[in-house]
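In: Next comes the sequence, and after it the predicted model I'd like to discuss.
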Amino acid sequence: MTVSSLFTAVAVGIVVGLGGRWIVPAGRTVPFWLPLSVAVGAAVFATVIARALGVDASQVSAVEVVMQVAFAISGVALVATTADQRRDDARRSR
């Protein structure tokens, strides 16, 4: 993994993570750092997967960036739908 790939993954993760704060339903309390860290981790993981699949390692490619965005969005969506379910379930049972 090159430095530019790592920098791109972190940047994509931060942008998607901050954007993901807007998709978290208002009734759920998700810590600020959670979608951000999940998005960064997923984007870095996407870079590792891209390199394992043989994507050009000499520079950051469009395929790699698309994979980073897709993995980061998937991770944030998972956090947004599963975070703080106990409080949501308690409100439904009243």
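Out: Arrived safely, thanks for sending.
In: where in this structure is pLDDT low?
Out: Filtered on pLDDT under 70, the chain yields the residue ranges 24-28, 84-94.
In: if you go through it in chain order, where are the helices?
Out: 3-23, 33-52, 62-82, 85-92 (DSSP state H).
In: got these as JSON lines, with mean neighbour count columns?
Out: C-beta here means a position set from N, CA and C on the backbone, and glycine is covered the same way. Listed next are the helices of the chain as JSON lines, based on neighbours: other CB atoms under 10 Å:
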{"stretch": "helix 3-23", "mean neighbour count": "17"}
{"stretch": "helix 33-52", "mean neighbour count": "20"}
{"stretch": "helix 62-82", "mean neighbour count": "19"}
{"stretch": "helix 85-92", "mean neighbour count": "9"}
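In: And Val60, how far from Leu53?
Out: According to CB to CB, to the nearest Å, Val60 stands 15 Å off from Leu53.
In: I meant to write Ser74 there.
Out: 17 Å.
In: For Val12, give me its contacts.
Out: Shown in contact with Val12 (CB atoms under 8 Å, 6 or more residues apart in numbering): 39, 43, 65, 68-69, 72.
In: again, 7 Å this time
Out: Neighbouring residues of Val12 by CB atoms under 7 Å, 6 or more residues apart in numbering: 43, 65, 68-69, 72.
In: Would you format those as TSV with distance to Gly17 included?
Out: Below are the contacts of Val12 laid out as TSV (distance: CB to CB, whole Å):
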residue	distance to Gly17
Ala43	9
Val65	16
Gln68	12
Val69	12
Ala72	7
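In: Sort out which one of those residues lies nearest Thr81 for me.
Out: Ala72 (15.2 Å; CB to CB).
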